[in-house]
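S.K.: I would like to see how this sequence folds:
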Amino acid sequence: MTVANVRYLKVCIVVAAWVGVVLAATHYSDKPVVLGRYSGGYAYLLCFLVGIALSLSLAKSAWYLTLYQARAGLVISGVSLLLSLGVLEIAVRMVDPLGISYYEWVGEYLRDMLPDDQLVYRHKPAWEKRYGNVLVTYNERGLRDRPILPKAEGEYRILALGDSVTFGLGVDQDKTFAARLELLLQDRLHRPVRVINSGVGGYNTVQELSYFKQEGIDLQPDLVLLTYVTNDIEEKRKPFDPWSKSSMRGKPFPVMVEIMMEKLWLYRLAHHTYRYAVLEQLNEKSLARSQNGTGWRGSMSALSELVAICQERKIPLILFFKRLHPDEHNLLFDDVVLNAQGLPVKDMAPWFARLNVSSFVNSKVDTHPNAEGHRVIAEHMADDVVNYFAQSKDRASLIWSGIRVAAVDP
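M.R.: All right, here's what the predicted structure looks like:
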């Protein structure tokens, strides 16, 4: 190979490297902290790419000559690597390690939503769809529940507010805590009880409040149960476009590459492992930094308003804080208790304290409660509901509602 050819090879490689740096630099992170444009992690990645480009620029011609002479071996190695990755991709799709298929069907679930001016998005009414191995049926109001008939005489009606936990993601309809709770309370209270499941995956407290004001009150609930989850502090932006995340139109090059990579289950597995194993220690600190964010403040404001509305209308409200360990998310739990303004806030962590938590979630990837998890939740909720009424100081409301119960020993 001539000196001119070596120089030509070097120029091509160096130019390609710097073009890659420029394309990577066009990215704009969701949470920019470096130069007002990049997240900390992406800034490190960009520095790494710049370092590679500089190294290639400063490398001597002899290195490129060696590279050229080894071209056959490099091509064979590259093809072998691609074939190996292809086999691994097929294996991951067949074996589904850690339940990585969750990302596939939960994305499909969100894409099936309808945009809504007030709620951001909602379920389609009167239809059904299978997500993974679970068939989901929606009633005429777009709720994962059977049809809602006019309130019958003597019926005690409970409205379950919440997100994907209340919805019962990954769990058969009759195994959700709302369905189980209805049967348990009918047996305990010896009267007709109707528990309406209004949970929608991804809803935050602001959306749950909007639903309650827009439709929930009209359902004439005698009791409201709100399941509060840590992602209730996440903001939801309008207009809702479920396809925007997967569309490459108008996206910078790094985002386009990420969108293409996210279609690979092998990439999802590696990304999930990094995010929840390597970065697990940073989750609590990240949550603490969110305390002054608009999402956190909006959630607390919505919670306070929900409490005020229920008090004004004399509708009992019980809050359930979903967490599996008592030493996590303490800042958020304390703030929920504060904004509940004296109303009961039940911590789910003690419910799972002596149990193997991994046996009560869908998978390592999907940590939503499985059917057994919903059973545990329903049984404890039934105890808390019965105790709440039995210990209520408002005896007039108990007489009015017709409930005769005794408190359950904790």
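S.K.: the chain - how does it break down into domains?
M.R.: With automatic domain parsing serving as the domain definition, the record reports that the chain contains domains spanning 3-69, 108-401.
S.K.: tell me the most buried of these?
M.R.: Stretch with highest mean neighbour count among those: domain 108-401 (a mean of 17; mean count of other Cβ atoms under 10 Å). Using the backbone N, CA and C atoms, a C-beta is placed for each residue, glycine as well.
S.K.: now do that one, average pLDDT.
M.R.: Summarised as a single mean, pLDDT over domain 108-401 is 88.
S.K.: repeat that for stretch 29-41.
M.R.: For stretch 29-41, the mean confidence score works out to 76.
S.K.: that stretch: end-to-end distance?
M.R.: 10 Å (Cα to Cα, to the nearest Å).
S.K.: just how off-centre is that stretch within its chain?
M.R.: Counting by Cα atoms, centre = their mean, to the nearest Å, stretch 29-41 is centred 23 Å from the centre of its parent chain.
S.K.: dump the domains of the chain into TSV; add distance to Leu82 as well.
M.R.: Formatted as TSV, the domains of the chain follow (distance: least, Cβ to Cβ, whole Å):
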stretch	distance to Leu82
domain 3-69	19
domain 108-401	12
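S.K.: for Val75, find the nearest of the ones you listed.
M.R.: Taking Cβ to Cβ, domain 3-69 is the member of the domains of the chain nearest to Val75, at 11.8 Å.
S.K.: show me how far the closest one is from its chain's centre.
M.R.: Between the centre of domain 3-69 and the centre of its chain there are 35 Å (Cα atoms, centre = their mean).
S.K.: just stretch 200-218 next, same as before
M.R.: Centroid separation between stretch 200-218 and its chain, computed with Cα atoms, centre = their mean, is 17 Å.
S.K.: which residues sit against it?
M.R.: The set of residues that contact stretch 200-218 without belonging to it, under Cβ atoms under 8 Å, 6 or more residues apart in numbering, is 106, 109-110, 118-123, 141, 159, 161-164, 167, 169, 198, 224, 226, 228, 231-236, 295, 298-300, 302-303, 305-306, 309, 313.
S.K.: if we can go back for a sec, right, and the domains of the chain - which one's nearest Ala91?
M.R.: Among those, the nearest to Ala91 by Cβ to Cβ is domain 108-401 (8.7 Å).
S.K.: quick one: the strands in the protein, in order.
M.R.: Remark: strands of the chain, listed N- to C-terminal, are 114-116, 120-122, 127-131, 134-138, 156-161, 193-197, 223-228, 317-321, 345-347; assignment by DSSP state E.
S.K.: now distance to Leu338 too, for those strands, in TSV please.
M.R.: As requested, those are arranged in TSV below (distance: least, Cβ to Cβ, whole Å):
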stretch	distance to Leu338
strand 114-116	30
strand 120-122	26
strand 127-131	36
strand 134-138	35
strand 156-161	19
strand 193-197	28
strand 223-228	13
strand 317-321	12
strand 345-347	10
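S.K.: let me see the contact set for Thr227.
M.R.: Contact analysis of Thr227 by Cβ under 8 Å, 6+ apart lists 160-163, 165-166, 199, 320, 322.
S.K.: mind listing the helices for the stretch 51-200 of the chain?
M.R.: With DSSP state H, counting those that start in this stretch as the criterion, the stretch 51-200 of the chain has helices at 61-69, 71-95, 102-111, 164-167, 177-189.
S.K.: Phe389: which of those is closest?
M.R.: With respect to Phe389, and counting by Cβ to Cβ, the nearest of the helices of the stretch 51-200 of the chain is helix 177-189 at 8.7 Å.
S.K.: contacts for the closest one, please.
M.R.: Identification of contacts with helix 177-189 by Cβ under 8 Å, 6+ apart yields 145, 156, 158, 160, 166, 168, 173, 192-197, 199, 369, 374-375, 377-379, 381-382, 385-386, 403, 405.
S.K.: what do you get if the cut-off is 6 Å, keeping everything else the same?
M.R.: Taking contacts as Cβ atoms under 6 Å, 6 or more residues apart in numbering, the residues outside helix 177-189 that touch it are 160, 193, 195, 197, 374, 377-378, 381-382, 386.
S.K.: now for the residues you listed, which pair is the farthest apart?
M.R.: Greatest spacing in the contacts of helix 177-189, by Cβ to Cβ: Asn197 and Val386 (19.8 Å).
S.K.: kindly provide the distance from the closest residue to Gly298 other than its chain neighbours to Ile233.
M.R.: Closest residue to Gly298 apart from its sequence neighbours, by Cβ to Cβ, 6 or more residues apart in numbering: Val206 at 5.2 Å. If you measure Val206 against Ile233 using Cβ to Cβ, to the nearest Å, the figure is 10 Å.
S.K.: ok, now Ser77?
M.R.: Going from Ser77 to Ile233 by Cβ to Cβ gives 47 Å.
S.K.: could you do Val361 as well?
M.R.: Separation of Val361 from Ile233 (Cβ to Cβ) stands at 21 Å.
S.K.: again with Pro316
M.R.: The spacing between Pro316 and Ile233, counted by Cβ to Cβ, is 25 Å.
S.K.: distance of the closest residue to Thr367 other than its chain neighbours from Tyr109?
M.R.: Leaving aside its chain neighbours, Thr367 sits nearest to Val361 (4.7 Å; criterion: Cβ to Cβ, 6+ apart). Taking Cβ to Cβ as the criterion, Val361 is separated from Tyr109 by 18 Å.
S.K.: ok, Asp384 - contacts?
M.R.: With contacts taken as Cβ under 6 Å, 6+ apart, Asp384 has the following neighbours: Lys346.
S.K.: my guess is His27 contacts Pro254. True?
M.R.: Yes - His27 sits in contact with Pro254 when judged by Cβ atoms under 6 Å, with a separation of 4.0 Å.
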